[in-house]
Structure formats: C-alpha cells, structure tokens
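**Q** The following block contains a protein sequence and its predicted model.
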Amino acid sequence: MRPIIEFCASNMHNGTDKVMKQLEQNPDYDVMEYGCLGNCGQCYMEPYALVNGEIIAAEDADSLLARIIQRIEELEAMYDVLGE
C-alpha cells in the first residue's frame, strides 16, 4: 500500500508545510499539495491533511505528523491482514 497524503496550501500557516516536508522524505509516500482541498472552515481552524482521502486533524503540526504516521501504520496493518 502506498499512502497518498494531501495538503492544502492555504493551511500552511498552521505549520503543515514542515509536516509535508518531513513526509516527502519517505519514498514510500505520495505527498501532494493543492491550492485548496475544499475544507475551508477546518483549514482556518487547525492543521489537517488527507490520508487516502480521510481527514486527519490535530491541535498542532507535531501532533498532526504523529497522527498521520499512526493512520498510515493502521492502514498498512489492515492491508496486511487482508493480504493486499
């Protein structure tokens, strides 16, 4: 499984630019940045990203990174169980 992690350029003021740069270092992840992901209210309020289309949000950028990695690990475990 190759996770797709999407970031909104308008959310970078919440520190997601640093999270995105860290995740880009992993060659097993597809990291993308878009001008808008259509979650404007959430984008204004807190750091967030999409992992395989699922919103992952946190109170700060460091917590967001941890939650993204945790969700990827959960998805990988699920795919391992299903044998995909």
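**A** Yep, that arrived. Numbers count the residues shown, from 1 in each chain.
**Q** Am I right that residue 38 falls within a helix?
**A** No - going by DSSP: H, G, I helix; E, B strand; the rest coil, the assignment for residue 38 is coil, not a helix.
**Q** Against residue 63, how distant is it?
**A** 23 Å (CB to CB, to the nearest Å). All C-beta spots, glycine's among them, are computed from the backbone N, C-alpha and C.
**Q** ok, now residue 37?
**A** Taken as CB to CB, the span from residue 37 to residue 63 is 19 Å.
**Q** Looking at residue 38 and residue 63, which has the bigger crowd around it?
**A** residue 63 (14 against 8; other CB atoms under 10 Å).
**Q** Which residue, other than its chain neighbours, is closest to that one?
**A** residue 47 (7.9 Å; CB to CB, 6 or more residues apart in numbering).
**Q** now residue 12
**A** Spatial nearest neighbour of residue 12, excluding adjacent residues (CB to CB, 6+ apart): residue 20 at 8.0 Å.
**Q** Tell me which residues of the host helix or strand of the one you found come out buried.
**A** In the assignment (DSSP states H and E), residue 20 maps to helix 16-24. By 16 or more other CB atoms under 10 Å, the buried positions in helix 16-24 come out as 16, 17, 19, 20, 23.
**Q** The closest residue to residue 51 other than its chain neighbours: neighbour count?
**A** Excluding its sequence neighbours, the residue lying closest to residue 51 (CB to CB, 6+ apart) is residue 71, at 5.0 Å. Neighbour count of residue 71, defined by other CB under 10 Å: 17.
**Q** isn't there a helix covering residue 71?
**A** Yes - the assignment for residue 71 (three-state DSSP) places it in a helix.
**Q** Is it in contact with residue 58, as I believe?
**A** No - the pair residue 71 and residue 58 fails to qualify as a contact (CB atoms under 8 Å) at a distance of 11.1 Å.
**Q** hmm, back to that, among the buried residues of helix 16-24, find me the one that's closest to residue 1.
**A** residue 23 (15.2 Å; CB to CB).
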